[in-house]
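Q: next one to model:
(one chain, ligands or ions: 1)
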Amino acid sequence: SHPSAPIEVERKFVPGPEVEDHLLTLGAVLQDEMKFQDSYYDSPDLRLTLADVWLRKRADSWELKHPLVRGARGLNGTSTQYQELNNEAEIICRVSEELGVPCPHNLESLQLEEFARFVTTRRKFLLPLDDNSNHKVVVDLDMTDFGFAVGEVEVLVQTKEEVQSALVKVDDICKKLGVFSISPVPGKMSTFLKRNREEHYRKLLEAHVL
Ligand code: V4E
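A: Model (predicted):
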C-alpha cells in the first residue's frame, strides 16, 4: 500500500457527562465544531466491508480506510489501526484491486451501492503536545442523526514503526479522561448496521470485522 498514506490509530469510548470537563483539565482546546454526512459504499456481495475496507463520501470527498496489511483486520484489541487514502485515483485502484477487477477511470463504473448514510455532529478537541511523546492527539465527540453518541481518541502517524507508541499514547489519554474501557466500544457504523442492516451486520460479525 501507499508508503506516505497516514495511519490512524484510534480508540473509541462512551462519552460520559464528565468528559468535556476532563478534556479542559488536560488543556484540550475545542478546535472545531462540524456537521457532515457520510455515505458508505460496497459491492452487492459486500466484498469491501467483509475485507474491512471502508469506502465513503464525506462532504463531496472520497475517503478509504483499509487495514495496514491486506487480509488483516483494523481492530486490534480495543483500538483500531487503518491506513487512510484521500486521493481519488489511489482509492479507485485500491477498491478495484479488492474487487479483483481492472482499475477503471472512475468509481461509478464499479457499480457500488450505498449501504449506509448518516449525519454526524462533531466537536473536535486538540490536546496540547507533551514533552515525552510528539504525537498530536485529537479527541472527537460525535453525535449522529440516529441518536448515537461516541467519542474517539486518535493519533495520526506516518510509519508503522510509530504505531506502538501511538497506541500507548491513546490508551494513556483514555485513562486520563476516565473513559478507558477493557472491551471495544461500538462505533457509529456498527450501531447503524445493527439497527438498520441486520444481515450485513451479522456477516461482518461472522467475518470478525466488527
Ligand atoms: C474503519 C471502520 C469504519 C469507517 C469509519 O471509521 P471510524 O474511525 O470508525 O469512524 P469515523 O467516521 O468517526 O472516522 P473519522 O472521522 O475519524 O475518520 S466503519 C467500521 N470500521 C471498522 C471498525 C471496527 N471494526 N471497530 C471499531 C471499534 N471501529 C471501527
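Q: up against the ligand, what does the protein have?
A: Taking Cβ under 6 Å from any ligand atom as the contact definition, the chain meets the ligand at 10, 12, 54, 65, 74-75, 80, 82, 152, 184, 187-189, 209-210. In short, each C-beta sits where N, CA and C put it, glycine included.
Q: put the buried members of these into a ChimeraX selection.
A: Selection command for ChimeraX covering only the buried members of these, criterion 16 or more other Cβ atoms under 10 Å:
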select :10,12,54,65,74,75,80,82,152,184,187,188,189,209,210
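Q: so which of the residues of the chain next to the ligand belong to strands?
A: If you go by DSSP state E, the residues of the chain next to the ligand have 10, 12, 54, 65, 75, 80, 82, 152 in strands.
Q: hang on, residue 78 packs against residue 179?
A: No - counting by Cβ atoms under 8 Å, residue 78 does not reach residue 179; the two are 11.3 Å apart.
Q: what about stretch 28-38, distance to the chain center?
A: 15 Å (Cα atoms, centre = their mean, to the nearest Å).
Q: buried sites along that stretch?
A: 28, 38.
Q: ok, now stretch 93-111?
A: 93-96, 98-99, 107, 110.
Q: next: stretch 48-67.
A: So for stretch 48-67, counting by 16+ other Cβ under 10 Å, buried means 48-57, 62-67.
Q: now do residue 162 against the ligand, distance only.
A: Applying Cβ to the nearest ligand atom, to the nearest Å, the value for residue 162 to the ligand is 18 Å.
Q: check residue 14 too.
A: Distance, residue 14 to the ligand, using Cβ to the nearest ligand atom: 12 Å.
Q: tell me the contacts of that residue?
A: Residues near residue 14 by Cβ atoms under 8 Å, 6 or more residues apart in numbering: 149-151, 179, 181, 185.
Q: just among the residues you listed, which is most surrounded?
A: Counting neighbours by other Cβ atoms under 10 Å, residue 151 leads the contacts of residue 14 with 23 neighbours.
Q: contacts only, for it.
A: 12-15, 19, 139-142, 179.
Q: once you drop chain neighbours, what's closest to the residue of the chain found nearest the ligand?
A: Proximity of the chain to the ligand (Cβ to the nearest ligand atom) peaks at residue 189, 3.3 Å away. Spatial nearest neighbour of residue 189, chain neighbours left out: residue 116 (6.6 Å); criterion: Cβ to Cβ, 6 or more residues apart in numbering.
Q: ok, the residue nearest to residue 210 when sequence neighbours are not counted - how many residues close by?
A: Among residues not flanking residue 210 along the chain, residue 204 sits closest, at 4.5 Å (Cβ to Cβ, 6+ apart). For residue 204, the count of nearby residues is 20 (other Cβ under 10 Å).
Q: the one 4 residues further on now?
A: With neighbours defined by other Cβ under 10 Å, the count for residue 208 comes to 9.
Q: so who does it touch?
A: By Cβ under 8 Å, 6+ apart, residue 208 lies in contact with residue 73.
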